[in-house]
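Asker: Quick check, what structure comes out for this input:
(one chain, ligands or ions: 2)
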Amino acid sequence: MKLKGKVAIITGAGRGIGRGIALRLAQDGADVVVNDINSETVNKVVKEIEALGRKAIAIVADVSNGTAVYAMVEQAVAEFGKLDIMVANAGIAQVKQAIEITEEDWDRIFSVNAKGIFLCDQAAAKQMIKQKSGKIINCASIAGHSGFSLLSSYSATKFAVVGFTQALAKELGPFGINVNAYCPGIVGTDMWDLIDEKMGIYLDLPKGETLKKYTELITLGRVETPEDVACLVSYLASDDANYMTGQSINICGGIIMS
Ligand SMILES: NC(=O)C1=CN([C@@H]2O[C@H](COP(=O)(O)OP(=O)(O)OC[C@H]3O[C@@H](n4cnc5c(N)ncnc54)[C@H](O)[C@@H]3O)[C@@H](O)[C@H]2O)C=CC1
Ligand SMILES: CC(=O)C(C)=O
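Answerer: Ligands and ions are numbered 1, 2, ... in the order given. This next block holds a predicted model:
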């Protein structure tokens with residue numbers, strides 16, 4: 001159990017990739033703070049983690065709200081005494097042609113995907129600096145390494161995550177804190193159901209066909225699962241990754257290679 005005795009916060013963990021990461025870190029021995037804006041789903045995930053014999057608490061908070069994020073970290077430390085791992089996973093998608101995106105659209109997606117990462121990382125870093133150790137793990141995407149058509153605002157937020165991850169790694173290295181990001185490809189979650197449906201309208205494709213078209217780009221020939229992503233996050237959260245920092249790692253079945 002490589003994360004035995006560790007305490008982790010995972011944001012956006014009520015479903016999808018975040019849930020997969022929460023369950024995997026618990027299987028590896030960590031106690032887990034399960035965050036989401038959806039109270040029903042977080043409570044279900046807490047029960048799943050307790051069934052694995054680990055401690056878990058639910059914290060319903062919007063990662064784009066600084067007061068709520070700081071209160072979440074404070075509550076985690078009050079409950080468990082420390083914070084070893086912050087997985088800033090929560091994110092939203094937006095499928096539109098760039099010429100159609102409104103200022104409100106742009107501000108909304110940046111407030112969750114970029115500002116949310118900044119707030120979670122900053123609140124965690126302040127606690128981890130006191131401890132002189134910690135692992136901050138941000139969710140980017142392959143869309144943060146290569147722009148995706150009809151996902152321009154989304155891609156821009158993920159490029160922002162990659163840049164912030166590098167800069168923060170440089171600032172926090174002297175405190176024994178590692179900062180890295182994971183970059184999934186096409187993961188079969190509710191987010192991709194939405195992308196499939198909305199892109200299908202632009203591409204004039206029936207439901208399921210956009211996902212099929214994108215699946216043809218995957219070298220390993222199948223859609224990614226949350227568990228595939230969780231394997232990388234489990235590594236980044238562990239002592240095995242003590243010499244890795246500032247990296248944004250593609251875990252995408254070979255859609256893009258670099
Ligand atoms: N599904 C995919 O193919 C890929 C997803 N990603 C990224 O992975 C992360 C998770 O994505 P999925 O699990 O697929 O999405 P999802 O939509 O299935 O799940 C996202 C979860 O985050 C929660 N959430 C949304 N806004 C929030 C907020 N403001 N505060 C707290 N929680 C919030 C939602 O309630 C939901 O439970 C996102 O950052 C996404 O951009 C990256 C690459 C590929
Ligand atoms: C949702 C997402 O990040 C991709 C690349 O599909």
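Asker: What's the separation between the residue nearest in space to the middle of the chain and residue 17?
Answerer: Centroid-nearest residue in the chain, with CA atoms, centre = their mean: residue 89, separated by 1.9 Å. To residue 17, residue 89 is 6 Å away according to CB to CB, to the nearest Å. (C-beta placed from N, C-alpha, C; glycine too.)
Asker: Pull up the overlap in contacts between those two.
Answerer: residue 139 (CB atoms under 8 Å, 6 or more residues apart in numbering).
Asker: interface residues of the stretch 101-250 of the chain facing ligand 1?
Answerer: Residues of the stretch 101-250 of the chain lying close to ligand 1 by CB under 6 Å from any ligand atom are 112, 116, 139, 141, 184, 186, 187, 189, 190, 191, 192.
Asker: Need the outlier residue of the chain, farthest from its centre.
Answerer: Largest centre distance within the chain, by CA atoms, centre = their mean: residue 204, 30.5 Å.
Asker: residues contacting it?
Answerer: Neighbours of residue 204 in contact, by CB under 8 Å, 6+ apart: none.
Asker: Next one: the spatially closest residue to residue 235 that is not a sequence neighbour from residue 121, what distance?
Answerer: In space, not counting the residues next to it along the chain, residue 235 is nearest to residue 241; the distance is 5.7 Å by CB to CB, 6 or more residues apart in numbering. In this view, residue 241 and residue 121 are 17 Å apart by CB to CB.
Asker: and if you look at residue 103?
Answerer: 26 Å.
Asker: which one of these two has more residues nearby?
Answerer: More crowded of residue 103 and residue 121, by other CB atoms under 10 Å: residue 121, with 24 against 7.
Asker: how about the closest residue in space to the more buried one that isn't next to it in sequence, secondary structure?
Answerer: With CB to CB, 6+ apart as the measure, residue 136 is the residue that lies nearest to residue 121, at 5.3 Å, once sequence neighbours are left out. Following DSSP: H, G, I helix; E, B strand; the rest coil, we place residue 136 in the strand state.
Asker: host element of residue 246?
Answerer: Taking DSSP states H and E as the definition, residue 246 sits outside all helices and strands.
Asker: from what I can see residue 175 touches residue 130, true?
Answerer: No. Residue 175 is beyond contact range of residue 130, at 9.2 Å (criterion: CB atoms under 8 Å).
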